[in-house]
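>>> Dropping the sequence and predicted coords here.
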Amino acid sequence: MVENQNKETTENPDRRRFLNQVWAFFGLVAAAEFGWLGLSFMNSRKERNRPAKTESIVTAGSVERFTPGTVTAVPVGQFYLACLGDGSFLALSRTCTHLGCSVPWDEEKNKFVCPCHGSTFSLTGEVLTAPAPRPLDTYPVRIENGIVKVDTSVTQKRERFEPAQATRI
């Protein structure tokens, strides 16, 4: 009988160690899967919000097509073209600088309103309501023979709007 008890106590530590190792293995596998899923989600969000790079120079249209004080969505380059009050142009990213949500232009309110966390931006992309930390990014604009062209391959981050950022006719 004493021999039987000794046999059980010597076998139990091996069995316990084995079961602990099995559970630790499954825990590591589960943690790795959750980490991979999290990274996949974050990367897909970045890709979804990134403008298509199929063509970097986008022709927005002739200068006469845009009325001062208005914003026009340009679907090809996924940006907004703001024609400022003085007739100058500013190409604004559709991506909120807070968490990367797509920001629509609200014509009635005359501002950009982020549906995710409520940040608002002016016609020039300046932050009106937080939590966005900085203005909307811009793209270089040039006017050639009366045609407005935007280079979507170069994203310009900025801390505030300055009139020199807008392209004049």
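Right, received. Where do you want to start?
>>> Could you use CA atoms for every contact and neighbour count after this?
OK.
>>> and Pro133, what is it in contact with?
By Cα atoms under 8 Å, 6 or more residues apart in numbering, the residues touching Pro133 are Thr97, His98, Val127.
>>> Which ones among those residues map onto strands?
Judged by DSSP state E, strands contain the following of those: Val127.
>>> Neighbour-wise, give me the winner out of the contacts of Pro133.
Neighbour counts for these (other Cα atoms under 10 Å) peak at Val127, which has 23 neighbours.
>>> Residues touching stretch 121-128, excluding its own?
69-71, 82, 84, 90, 92, 110-113, 119-120, 129, 133-137, 160-161.
>>> my bad, should have said stretch 64-79
Contacts for stretch 64-79 (Cα under 8 Å, 6+ apart): 51-52, 55-56, 58, 60, 80-88, 91-94, 105, 123, 152.
>>> let's see it at 6 Å
Stretch 64-79 is contacted from outside by Pro51, Tyr80, Leu81, Ala82, Cys83, Leu84, Gly85, Gly87, Leu92, Ser93, Arg94, using Cα atoms under 6 Å, 6 or more residues apart in numbering.
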